[in-house]
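# For reference, the sequence and a predicted model appear below.
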Amino acid sequence: MKSPLIKTRILCTLVVACLGMYTLHAQKPVDYVNPFIGTSNFGATNPGAIAPRGMVSVSPFNVAGKVNTLEKDSRWLSNPYVHENTFLTGFSHVNLSGVGCPDLGVILAMPTSGPLETDAMKYGSTYTKEEAKAGYYATTLTKSGIKVEATASPRVGMSKYTFPAGQANILLNLGLGLTNEQGAMVKVVSENEIEGMRSVGSFCYYKPEESYPVYFVARVNVDADKTGGWKTPRKVTGTEAQWMGYNGKTRIYEDYHKEIVGDSIGAFFSYNFERETEVELKIGVSYVSIENARENLDREAKNHSFLQLFYETKLAWDALLSRVMVSGGTEDDKTIFYTALYHTLLHPNILNDSNGEYPKMRSRETGKTTGTRYTVFSLWDTYRNVHALQSLIYPEQQLDMVNSMLAIYDETGWLPKWELNSTETTTMVGDPAGIVIADTYLRGIKDFNVNKAYTAMTKSANQVENNPLRPGIKNYLSKGYLTTADAGPVSTTQEYNIADFAIAQLAGALWKKDDQLTYAARSISYRNLFDEETKLLRPRLDDGSWYTPFDPLAGANFTKNVGFIEGNAWQYAFMVSHDVEGLMKLMGGRKAYVDQLQRVFDEGHFDMANEPDMGYPFLFTKIRGEEWRTEKIVNELRAKHFKNAPWGLPGNDDTGTMSAWLVYSMIGIYPLTPAEPNYVLTAPVFDKIVISLDSQYYNGRVLVIEKEGVGTLNKILLNESPYRSYEIDHATLVGGARLKFIMKE
């Protein structure tokens, strides 16, 4: 019988050998992922190590300190990492990707060398030799020469530090973070374990009273020579300060094994190494309890080496990314494509612990799920394309997302709007959850309580008083539109219209014909805001008169304005894809519609960096003879805004929404109208795309999309027969279709 040590060595050798064989073959989808894409140009992504939809990610934290170009306390900054910055103060373990508001970015671990230093501005370091891939990040700290490597399982972050000989420290800083909340607790449990809690919340600087704890257990594989904690209290002013020699000074608690509570606190492991030494740090996280954080760590990583955990995570990433196989195109095309698909698999992410427990919405009582409870529903963004993409490629995940939304309804009485870790941030406008639920059902994913969903949707569509999802609903129901007394009255009216269209669509599928007619009529009430003079939508006052003076350009570049949220009249003019014929008639017919739509692009009104107009390039497919414009504009936008570089996103990724746009544009289909289970068509980038379909939900085994020839789109074949439309329904594609685009110079 072999000794445990020999067994471990054999296992590690096998893992290394497998990894070597893995890289000898042709590149797999996972190998194309470049996590640095979107880390500049305010893309708000980060290159940290993360598992698919992981609760935990280990991200370099380089947004603290005036030495950095973009610093978290000097501006509105929503990400823990910026490519241009150069000064790093640790590695945060709970983070958000592609969001517009600061939160999380806490539980910072930092390896240092030399005497113990607890001031982040003093122990922080520049860094070099950065490397990032799916499930892995590495860098070397220039101050100490320490090499840092990170990987993660869904609920555990794991780092490997290669220390030089001499004194070494691993710091856990609970005072520093991206969140605006303060307050923490830390306790040294033993020479190899620390546990604690950090308070987070106030996303978008809203609802500080709903801040909440995130718990952790940190464990090292080498017992420390010395342990302890620190606390830097606020400096007291006034008479009593004269007696406080310790006033505002950092206190070090060596070999202390009780709780330390405060704002600026932390704990450490310290070593004296005679030679270069590797130490592995594992941090398990939970939003329920320290006990669950420890259980997550034990279940997912207790017996794993760094290499083993990374390999498992890499395989998990490749399994998901390989559901879409592409050929043709350039290497950069494949990189930006698979990175975009990777970004759509970060959020929504897992909230429940490995034992199924999670904090319930609002009360934060402990609930339990037998599936996956998801969180981070940035629905104003993602209802437009992300969830339709999940339905197509990852329907089993999309089903759990719908069930998570319905569980939120059970817990609070309302569907979510912008939910984060079981808090409702009420960020942005509209009533988007019902749109996603209807769209999911209409695409054939029906294994959820649709009657409950319909009840929830119609509740928010009709309750006049104390309605958190539809502020201004009284005006909407009585007048057909919101007025200048309401926030963003024009764009919010449009959002409610889209939500009502979704209800109408679902009502039709459920044979509720009277409801279908009622909500279909409500879904076109934006027409009351159409201004004949400008051929744009324009806000009205409470008395029904037009708001004046009206500047159609007001609201560009996210500036506040009377009529629109995050946009202007041009950027919202066509956001009624469910009523193209109606808008066309208002504008004066087909030619007037095309001319006005083209002006959006020719005059520079189009904003690729935001959601309201992101579907506009595809609207030309709705007009026979004008489809070429979609192909031309989409190709131009893709070439201009999406690159294999840190600045390779047009702006904030919005939890994968920009990335989903890119994925669709590169495979030649786009879900233009939410809750209408169709796609519009344009030429794909790749010569061949094969999407593996889930047999539990769809009849087809694969969906094949091909491109033949070069030049511009000449004709389309469906299952080798001529196809004379630029629109195709979801059911046809998931039945196992073969769609071919014939190009011609």
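Arrived safely. Numbers count the residues shown, from 1 in each chain.

# Contact partners for the nearest residue to T344 once chain neighbours are set aside?
Nearest residue to T344, sequence neighbours excluded (Cβ to Cβ, 6 or more residues apart in numbering): G656, at 3.9 Å. Using the backbone N, CA and C atoms, a C-beta is placed for each residue, glycine as well. For G656, the contacting residues are S97, G98, H343, T344, L345, L346, H347, T382, V386, by Cβ atoms under 8 Å, 6 or more residues apart in numbering.

# try V188
I194, T227, G228, G229, Y256, H257, A267.

# Which member of those residues is positioned nearest Y670?
I194 (48.6 Å; Cβ to Cβ).

# In which helix or strand does that closest one reside?
strand 193-200 (DSSP states H and E).

# follow-up on the earlier one: give me the subset of the contacts of V188 that lies in strands.
Mapping the contacts of V188 onto strands (DSSP state E) picks out I194, T227, G228, G229, A267.

# And K459, its phi and psi?
The phi/psi pair for K459 (degrees, to the nearest 10) reads phi -60, psi -50.

# just Y123 next, same as before
The phi/psi pair for Y123 (degrees, to the nearest 10) is phi -90, psi -10.

# Distance-wise, check it relative to W647.
30 Å (Cβ to Cβ, to the nearest Å).

# re earlier: list just the nearest of the ones in strands among the contacts of V188 to Y338.
I194 (36.9 Å).

# L174 is in contact with that closest one, correct?
No. With contact defined as Cβ atoms under 8 Å, I194 does not reach L174; the gap is 10.1 Å.

# Need the residues touching each of those two.
With Cβ under 8 Å, 6+ apart, I194 and L174 have common neighbours V186, A267.

# Would you mind measuring from N68 to L649?
N68 is 20 Å from L649, by Cβ to Cβ.

# Next one, pLDDT for Y205 please.
Per-residue confidence (pLDDT) for Y205: 89.

# My read is that it contacts S211, right?
No. Counting by Cβ under 8 Å, Y205 stays clear of S211, with 11.9 Å between them.

# Check the burial of the closest residue to L346 other than its chain neighbours by counting its neighbours.
Of all residues not flanking L346 in the chain, S97 sits nearest, at 4.7 Å (Cβ to Cβ, 6+ apart). Neighbours of S97 under the rule other Cβ atoms under 10 Å: 27.

# Could you grab the helix/strand/coil label for S97?
Following DSSP: H, G, I helix; E, B strand; the rest coil, we place S97 in the coil state.

# Lowest mean pLDDT among the helices and strands of this protein, which one is it?
One helix or strand of the chain scores below all others by mean pLDDT, DSSP states H and E: helix 4-24, with a mean of 42.

# Between I194 and L174, tell me which one has more neighbours.
L174 (28 against 25).

# so what's that one up against?
By Cβ under 8 Å, 6+ apart, L174 lies in contact with V106, I107, L108, A184, V186, G196, R198, I265, G266, A267.

# any idea how far S211 is from E636?
Taking Cβ to Cβ, one finds E636 at 45 Å from S211.

# Neighbour count for these two, which is higher?
S211 (18 against 12).

# Could I have the buried ones of the contacts of L174 as PyMOL selection syntax?
A single PyMOL command is used to select the members of those judged buried by 16 or more other Cβ atoms under 10 Å:
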select buried, resi 106+107+108+184+186+196+198+265+266+267
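
# which phi and psi does H347 have?
phi -130, psi 150.

# That one reaches N95, doesn't it?
No. Using Cβ under 8 Å, H347 makes no contact with N95, being 10.6 Å away.

# Need the overlap of contacts for those two.
Joint contacts of H347 and N95 (Cβ under 8 Å, 6+ apart) do not exist.

# about what we covered before: out of the contacts of V188, which is most surrounded?
G229 (27 neighbours).

# list the contacts for it?
Contacts for G229 (Cβ under 8 Å, 6+ apart) come out as V186, K187, V188, I252, Y253, Y256, I260, I265, G266, A267, F268.

# Mind doing that once more with 10 Å?
118, 172, 174, 186-188, 194, 196, 251-260, 262, 265-268 (Cβ atoms under 10 Å, 6 or more residues apart in numbering).

# cool, E676 as well?
E676 touches A388, A438, D439, L442, F501, A502, Q505, S577, H578, E727, D729, H730, counting by Cβ under 10 Å, 6+ apart.

# Can you list which of those residues are found in helices?
A388, A438, D439, L442, F501, A502, Q505, H730 (DSSP state H).

# Among the residues you listed, which pair sits farthest apart?
F501 and H730, at 16.6 Å, using Cβ to Cβ across those.

# and the two? which has more neighbours close in?
Between F501 and H730, counted using other Cβ under 10 Å, the more crowded position is F501 (25 against 21).

# Disregarding flanking residues, what is the spatial nearest neighbour of the more buried one?
S523 (3.8 Å).

# Count the neighbours of that neighbour for me.
For S523, using other Cβ under 10 Å, the count is 24.

# ok, it - contacts?
494, 496-505, 576, 578-579, 582, 675.

# any idea how far L88 is from P671?
40 Å.

# make that Y481, sorry
26 Å.

# cool, A241 as well?
Between A241 and P671 the distance is 63 Å, computed by Cβ to Cβ.

# if you count what's nearby, which of the two comes out ahead?
P671 (27 against 12).

# who's in contact with the residue positioned nearest the centre of the chain?
In the chain, the centroid-proximal residue (Cα atoms, centre = their mean) is T655; its distance is 2.3 Å. Listed by Cβ under 10 Å, 6+ apart, the contact set of T655 reads 44-45, 96-100, 343-344, 346-349, 376-379, 381-382, 386, 418.

# what secondary structure does it sit in?
Going by three-state DSSP: T655 is coil.

# ok, now how distant is it from G98?
5 Å.

# which residues are common contacts for those two?
Listed as contacting both T655 and G98 by Cβ under 10 Å, 6+ apart are A44, T45, H343, T344, L346, H347, V376, S378, D381.

# Quick one: residues contacting the third one.
H343 sits next to 33, 35, 37-38, 43, 45, 97-98, 386, 649, 653, 655-660, 662-663 when contact means Cβ under 10 Å, 6+ apart.

# Could you rerun that using 8 Å?
I37, G38, T45, S97, G98, D653, G656, S659.

# Now render the residues you listed as JSON lines, adding distance to P233.
Listed next are these as JSON lines, based on distance: Cβ to Cβ, whole Å:
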{"residue": "I37", "distance to P233": "42"}
{"residue": "G38", "distance to P233": "39"}
{"residue": "T45", "distance to P233": "36"}
{"residue": "S97", "distance to P233": "34"}
{"residue": "G98", "distance to P233": "36"}
{"residue": "D653", "distance to P233": "39"}
{"residue": "G656", "distance to P233": "41"}
{"residue": "S659", "distance to P233": "44"}
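
# Pick out the most distant pair among these.
For the contacts of H343, the farthest-apart pair by Cβ to Cβ is I37 and G656; their separation is 12.5 Å.

# which strands and helices sit next to the helix or strand L392 falls within?
In this structure, L392 sits in helix 386-393 according to DSSP H and E. Using 3 or more Cβ pairs under 8 Å, 6 or more residues apart in numbering; DSSP states H and E as the contact test, the elements touching helix 386-393 are helix 395-412, helix 433-442, helix 657-667, helix 730-734.

# and the third one, how far out from the chain's middle?
When you say that, I think you mean helix 657-667. Once both centres are worked out by Cα atoms, centre = their mean, to the nearest Å, helix 657-667 turns out to sit 14 Å from its chain's centre.

# Got phi/psi on E626?
phi -110, psi 10.

# I'd like the distance between it and A573.
17 Å.

# Looking at the two, which has the bigger crowd around it?
For E626 versus A573, neighbours defined as other Cβ under 10 Å are more numerous around A573 (27 against 18).

# Identify the bridge partners of the closest residue to that one other than its chain neighbours.
Spatially, and ignoring its direct neighbours in sequence, A573 is nearest to L536 (5.1 Å; Cβ to Cβ, 6+ apart). Here L536 shows beta-bridge partners D531, assigned using DSSP bridges.
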